[in-house]
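K.L.:
Got a sequence here, can you build the structure:
(one chain, ligands or ions: 2)
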Amino acid sequence: MKIKSLSREQIRSVDQQAIENYGMSGLVLMENAGRGAAEVIQRNAATGRVVILCGKGNNGGDGYVIARHLDLMQRQVRVVSVVELDALSGDAAANAAIAQKAELDVQVATTAEVMESHLHDCEVIVDCLLGTGATGPLRGIYADAVKIANQTKATRIAIDVPTGMDVDSGEADPHTFQAELTITFVAPKIGFEFEGTQSRLGDIEVVPIGVPRKLLRQWASEA
Ligand SMILES: NC(=O)C1=CN([C@@H]2O[C@H](COP(=O)(O)OP(=O)(O)OC[C@H]3O[C@@H](n4cnc5c(N)ncnc54)[C@H](OP(=O)(O)O)[C@@H]3O)[C@@H](O)[C@H]2O)[C@@H](O)CC1
Ligand SMILES: [K+]
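P.N.:
Ligands and ions are numbered 1, 2, ... in the order given. Below you'll find the predicted structure:
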């Protein structure tokens with residue numbers, strides 16, 4: 001079933017309804033999202049060292065799942081969190097803990113200098129800094145991380161939305177992540193349809209996260 005482009009409120013409502021009305025666990029949704037994204041990454045950027053930039057929220061949580069699945073695919077992968085790991089909560093904290101117990105390469109970079117040292121020689125950068133929970137201009141290390149990532153020669157892949165782009169208006173922060181590929185969950189976002197956004201989004205791939213068709217039917221496109 002093809003789903004229409006959704007607003008921030010609608011997409012957040014899909015997740016919320018799956019959890020509250022259907023009894024799905026947020027961890028399962030995140031697992032589906034991260035696993036699906038890892039498969040798309042593997043298809044589109046099959047070689048080279050991968051750095052996954054992770055923020056504080058559930059978009060960051062997706063990053064730890066992606067790392068675990070890419071590691072299973074025998075990729076060389078490092079997670080770089082822009083916050084100390086004890087600042088994480090909920091499903092993101094759970095997946096960060098799994099990644100650590102699994103002895104994946106998880107680093108913290110809270111300064112531009114340290115971020116630069118992690119990004120200067122990787123071949124693929126995956127942006128899990130901010131998703132649908134982003135508000136206002138990029139703050140602090142988030143802005144630095146995107147700026148440094150955009151200056152590298154690495155292949156850049158955004159998860160759910162390029163960090164810095166508003167999901168509803170498509171408006172871009174001066175430091176918006178410049179993606180060659182955006183892997184977005186459930187449906188494209190309304191902001192992606194605005195003129196000028198294509199150069200920040202690159203190609204768009206939609207990944208389903210296992211929410212039931214009955215829930216999605218209300219947003220089915222006519223086509
Ligand atoms: N179960 C689900 O719902 C599923 C969700 N999924 C995934 O979750 C994503 C949504 O996650 P989310 O709601 O946690 O928001 P997200 O964007 O990761 O982080 C927000 C945090 O970042 C911060 N912050 C905000 N703006 C900022 C700024 N300008 N500059 C700097 N920092 C800023 C702010 O923290 P603060 O600094 O205010 O403490 C805020 O708390 C969604 O896109 C999808 O990828 C999938 O796994 C499928 C299942
Ligand atoms: K992102």
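K.L.:
Residue 107 - nearest residue in space that isn't next to it in sequence?
P.N.:
Spatial nearest neighbour of residue 107, excluding adjacent residues (CB to CB, 6 or more residues apart in numbering): residue 80 at 5.1 Å. The way it works is simple: take the backbone N, C-alpha and C, and place the C-beta from them, glycine included.
K.L.:
wait, what's in contact with that neighbour?
P.N.:
51-54, 107-109, 115, 118-119, 145 (CB atoms under 8 Å, 6 or more residues apart in numbering).
K.L.:
Looking at those residues, state which has the most neighbours.
P.N.:
The residue in the contacts of residue 80 with the most neighbours, by other CB atoms under 10 Å, is residue 54 (34 neighbours).
K.L.:
Correct me if wrong, but the residue nearest to residue 107 is in a strand.
P.N.:
Yes: under DSSP: H, G, I helix; E, B strand; the rest coil, residue 80 falls within a strand.
K.L.:
okay, the contacts of residue 80 in CSV with secondary structure next?
P.N.:
CSV is the format used below for these (three-state DSSP):
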residue, secondary structure
51, strand
52, strand
53, strand
54, strand
107, strand
108, strand
109, coil
115, helix
118, helix
119, helix
145, helix
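K.L.:
okay, and for the chain, where does confidence drop off?
P.N.:
For the chain, applying pLDDT under 70 flags the ranges 223.
K.L.:
how about the strands in it?
P.N.:
50-54, 77-81, 105-108, 124-128, 155-159, 181-185, 203-207 (DSSP state E).
K.L.:
Which among the ones you listed is found nearest to residue 28?
P.N.:
Of all the strands of the chain, strand 181-185 sits nearest to residue 28, with 13.2 Å by CB to CB.
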